[in-house]
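Trainee: Here's my sequence, what's the structure:
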Amino acid sequence: MDSAKRQGMQEADARKRVKSSLGSSLPVDFTSLIKCHDKPADDNLGDMDIVEFVASQAIMEMTPTPLLPQDMVCMRLNLHPTVVKNLTPESVGNLELLGLRELEFSLLKPPVVLGRELFHEALSSDQYDSKAIEINKLSRKHCELECVQDPRFHRPIVRLTNLSTNGIKYNGVSMVKNKPQMLHHGDKITLLSSKSGTVLLGYICEEPYIVGASAAASATHGDSSKHHIEANILDLDLSRVYDSLTKALDDAASHAITKPDDPSVMLVPREINLNVQFATLKKFDAMVTLGCRALHFAGHGGPKHLYFEDQECAVHPLDTDELRRFFLGAQRQLRLVVVQAVHSDYSASAFLACCVPHVITVKTDKPSKDEAVIAFTKNFYLALGQGKGVADSFNFALEAISKFPQLAHAAKVAALFRLLPEGVDHSEVIFPMVETPLAEYKPQAPSAERFPAVWCTKLPLLCQHFLHRKVDLHYTCAHFASTKLKVVWLVGPAGVGKSQLSYATARHLRARNFFLTGIKFVYVGKLVEELLAAHNNNAVLVDKCLMVAIKNRVAVWLARLFGHARPMITVQDALLVLDGIDPLLEREDAAVLTWIESLCMHYAPLRLLVTARKQVVSPIFETGCGCQQHLHPFSATQAVDLLRRLLGKERDLSLTEVARSPLAVTVNHPDPDVNLSLVLERHPVVLQTGFLPREIAVLASRLIATPKISLDALLDHYT
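Mentor: The predicted structure follows:
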């Protein structure tokens, strides 16, 4: 790699590390159509006890996680929207000039002390604002905010310390004076409030792991348009796109044709191999350096960035200038790029700026067009693999979409796909056919090894509409991906979705080559049912043998992975998920924790994810070897969104059946769909779910099963 390219990569890593959640839950993918240099790993989960993954005990050299730049912004505090709304534009402008409208924190920035004099200077020009906010109730030193390195998580955090006389509220709860509080995304800090609870002066925390910023972090508050990553999350099932792509290439490689002008010659399709990677800068650089003919980028994009992943499975924005540096000095074998992303027009222009001659954009901002994207992918690569030019393959795919029987408004859907740049020759054949004499031609089945297994098919499947957990998924994955935590303890009420989050975590990290040694799920609740059936519902006997049964199952699995000797630390990590461990905690709290501590001590590569309703106290958490992550019910908006998605087209709701909502008469939004959602948020039946995902799913099932019973009538049924 030449010095210019290396310098460009270093600058990109140092300057643009503002991140947001992925975690998505859905992967940011790219698929390069080149020959695989390594034999692809198969999905080698064999027959298993419950659900587990067992791979070879390969010894590999582990590289340390790179440290994050100290100038990276790890937290922003934005002035509360209510405060901005109640102040005059002049006062808001003064707060911005003094750096009080948005506060940014990094390890290189000194602590910030907020107090009376600071805000008095900003609001002194408007006596009304100064009196309305009651600045005189602020202490001279009201609070302190500082960014420090957390020794447990090996990452920068921001702490808030209450120094005031009249107090500060953190998420609506009064803070203890002089006791630091770690801040998280979405936390609300109230410096002053009215007697009715209205925020007079306060901030909302914004964490760059959750919010992607399109400009480098700076203390000058430069022009930086921000885009919440959840608005860019793809609802498209990338595994289906990958399956359609591999099916198309497999079909294309299976059909040779006779040369039109010479019947004695066969035109044989090339076997196009796939190299599937998650779009990190390191892997993208390797792909460009080694060279490939075509690139399929399926992921996220913003108005000014492509979104890649970093070592924490979080978003790393990359602009055009940084993308261009990857192509400096590289052999320009890349001829075609298919961009499947939100804001794909910008993504396309970024690749065009890198001198890629053919770029196809696929807009995926509307989930209803998933079938069109999959149909286009299948037919485009089928034609491309048969030796057709880019333009012919593109037109062939559009023609297939126009005839797709399940797709309404085919003409409008076709506009989602564009071949750029317009007005130039796109007849180039990316994968030309191989001419073979008819006498020498022998039909051969394509090799299945050229299509690597990406998604583990034997891990637990997620429920329908796994929504609104991207932030929680990011934190759970980050604990395993970028820290040395041995145990993550998921705490939350029954039905909040702890099991589903554990499934999503395992699938997300396994696809990124974490836990290659093995993954095992132990469902404690299911095991209790099995033991009750075996012991004639004798709960006393079940209590006595439950712990032994779980230990035996885990011991057998560990023996298969590591043998009976202690494994070396160079062995790849394995993940043990203890799902629903509450039956054990009810009677054997201390014994369970002692067993978990012994597992951590004796098996260095073993990581544990535990789900429970109960929070516990253990040296594991006190010494920084583990953490407890709380999972909360949905907000009202999220709950209604999930409910309406689950109902789908099977059950229509209308305002006439939600008249018992207190907002049925008062809310009058111009958009009928939004209006209905706002009314539903306060409906008594929806409130009775506690905004728990499982209860919302039960409510949706009842509504679908009783289409003639209104939501208002269900309230009487519950009563």
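Trainee: So which residues of the stretch 351-500 of the chain form strands?
Mentor: Assigned by DSSP state E, counting those that start in this stretch, the stretch 351-500 of the chain shows strands spanning 358-362, 417-420, 434-437, 487-491.
Trainee: do the stretch 501-650 of the chain as well
Mentor: Applying DSSP E, counting those that start in this stretch to the stretch 501-650 of the chain gives strands spanning 518-523, 574-579, 606-612, 626-630.
Trainee: The shortest one pairs with which strands, parallel or anti?
Mentor: Paired strands of strand 626-630, with direction, are strand 487-491 (parallel) (DSSP bridges).
Trainee: Need the contact partners of the strand it pairs with.
Mentor: Under the criterion Cβ atoms under 8 Å, 6 or more residues apart in numbering, residues 476, 479-480, 498, 501-502, 596, 600, 607-616, 620-621, 625-631 lie in contact with strand 487-491. Bear in mind the C-beta positions are built from the backbone N, C-alpha and C, glycine included.
Trainee: could you give the angle of that strand to strand 574-579?
Mentor: Relative orientation of strand 487-491 and strand 574-579, computed by axes from the mean of the first three to the mean of the last three Cα atoms, to 10 degrees: 20 degrees.
Trainee: So which bits of strand 487-491 are buried?
Mentor: For strand 487-491, the neighbour count (16 or more other Cβ atoms under 10 Å) marks Val487, Val488, Trp489, Leu490, Val491 as buried.
Trainee: Repeat that for stretch 334-347.
Mentor: 334-344, 346-347.
Trainee: And for stretch 546-554?
Mentor: Leu546, Met547, Ala549, Ile550, Arg553, Val554.
Trainee: The fourth one and Pro583 touch, don't they?
Mentor: When you say that, I think you mean Ile550. No - applying Cβ atoms under 8 Å, one finds Ile550 not in contact with Pro583, separated by 9.9 Å.
Trainee: which neighbours do these two share?
Mentor: Val524.
Trainee: Pop the domain breakdown of this protein in here.
Mentor: By the assignment in automatic domain parsing, the chain contains the domains 26-42+234-450, 75-207, 470-630, 636-718.
Trainee: the inter-axis angle of the helix ranked longest in the chain versus strand 606-612?
Mentor: Determined from DSSP state H, the single longest helix within the chain is helix 539-562. When the same axes, to 10 degrees is applied, the directions of helix 539-562 and strand 606-612 differ by 150 degrees.
Trainee: From the contact counts, what lies against helix 539-562?
Mentor: Taking 3 or more Cβ pairs under 8 Å, 6 or more residues apart in numbering; DSSP states H and E as contact, the helices and strands that helix 539-562 lies on are strand 51-54, strand 518-523, helix 524-534, strand 574-579, helix 582-585, helix 589-602.
Trainee: Next, format these as TSV and append distance to Phe351.
Mentor: Formatted as TSV, the helices and strands packed on helix 539-562 follow (distance: least, Cβ to Cβ, whole Å):
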stretch	distance to Phe351
strand 51-54	36
strand 518-523	36
helix 524-534	49
strand 574-579	36
helix 582-585	51
helix 589-602	46
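Trainee: ok so, going back, tabulate the domains of the chain (a markdown table), appending distance to Gln464.
Mentor: Shown next, in a markdown table, are the domains of the chain (distance: least, Cβ to Cβ, whole Å):
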| stretch | distance to Gln464 |
| --- | --- |
| domain 26-42+234-450 | 12 |
| domain 75-207 | 26 |
| domain 470-630 | 11 |
| domain 636-718 | 7 |
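Trainee: Which of those domains sits closest to Lys458?
Mentor: domain 470-630 (9.4 Å; Cβ to Cβ).
Trainee: for that closest one, the distance to its chain's centre please.
Mentor: Distance of domain 470-630 from its chain centroid, counting by Cα atoms, centre = their mean, to the nearest Å, is 22 Å.
Trainee: got the end-to-end distance for it?
Mentor: 14 Å (Cα to Cα, to the nearest Å).
Trainee: Numbering from 418 from now on, please.
Mentor: New numbering, starting at 418: the last item is domain 887-1047.
Trainee: Could you check the pLDDT of the nearest residue to Asn511 once chain neighbours are set aside?
Mentor: Nearest non-adjacent residue to Asn511, counting by Cβ to Cβ, 6 or more residues apart in numbering: Ala539, 4.4 Å away. Ala539 is assigned 83 on the pLDDT scale.
Trainee: same question, Phe570
Mentor: The model reports Phe570 with a pLDDT of 53.
Trainee: circling back to that earlier point, Arg1061 is nearest to which of the helices and strands packed on helix 956-979?
Mentor: That would be strand 991-996 among the helices and strands packed on helix 956-979, by Cβ to Cβ, at 28.5 Å.
Trainee: Pull up the pairing partners for the closest one, direction included.
Mentor: Going by DSSP bridges, the partners of strand 991-996 are strand 935-940 (parallel), strand 1023-1029 (parallel).
Trainee: tell me the angle of the first one relative to helix 941-951?
Mentor: Put plainly, it is strand 935-940. Using the same axes, to 10 degrees: strand 935-940 against helix 941-951 is 60 degrees.
Trainee: Go through the strands of the stretch 768-917 of the chain and pick out the most buried.
Mentor: Among the strands of the stretch 768-917 of the chain, strand 775-779 has the highest mean neighbour count (mean count of other Cβ atoms under 10 Å), at a mean of 25.
Trainee: Return the list of helices and strands in contact with that strand.
Mentor: Counting contacts by 3+ Cβ pairs under 8 Å, 6+ apart, strand 775-779 is packed against strand 753-758, helix 761-769, helix 787-802, strand 834-837.
Trainee: Out of the strands paired with strand 991-996, flag the one nearest Val529.
Mentor: It's strand 1023-1029; of these, that one is closest to Val529 (Cβ to Cβ) at 36.1 Å.
Trainee: Name the residues that touch the closest one?
Mentor: Contacts for strand 1023-1029 (Cβ under 8 Å, 6+ apart): 893, 897, 902-908, 915-916, 918-919, 922-923, 932, 975, 990-999, 1002, 1013, 1016-1017, 1043.
Trainee: cool, and stretch 1050-1062?
Mentor: Contacts with stretch 1050-1062, where a contact means Cβ under 8 Å, 6+ apart, come from 882, 884-885, 910, 913, 1070, 1094, 1097-1099, 1103, 1106-1110, 1113-1114, 1116-1117.
Trainee: are any of those buried, and which?
Mentor: Using 16+ other Cβ under 10 Å as the burial test, these include 882, 884-885, 913, 1070, 1094, 1097-1099, 1103, 1106-1110, 1113-1114, 1116-1117 as buried.
Trainee: So which of these are in helices?
Mentor: Counting by DSSP H, these place Ser1094, Leu1097, Glu1098, Val1103, Pro1110, Ile1113, Ala1114, Leu1116, Ala1117 in helices.
Trainee: Show the pLDDT at the closest residue to the first one other than its chain neighbours.
Mentor: Using Cβ to Cβ, 6+ apart and skipping residues adjacent in sequence, the residue nearest Ser1094 is Val1057, 5.0 Å away. The predicted structure scores Val1057 at 95 on the pLDDT scale.
Trainee: Quick check: Val1057 vs Thr1123, distance?
Mentor: For Val1057, the distance to Thr1123 equals 19 Å [Cβ to Cβ, to the nearest Å].
Trainee: Of the two, which one has the most company?
Mentor: A direct count of neighbours by other Cβ atoms under 10 Å for Val1057 and Thr1123 places Val1057 higher, at 23 against 13.
Trainee: burial measure for Glu947, as a count.
Mentor: The number of residues packed near Glu947 is 12, by other Cβ under 10 Å.
Trainee: what about it, distance to Pro1000?
Mentor: Remark: distance between Glu947 and Pro1000 (Cβ to Cβ) = 12 Å.
Trainee: If anything else comes up later, I'll come back, but that's it for now.
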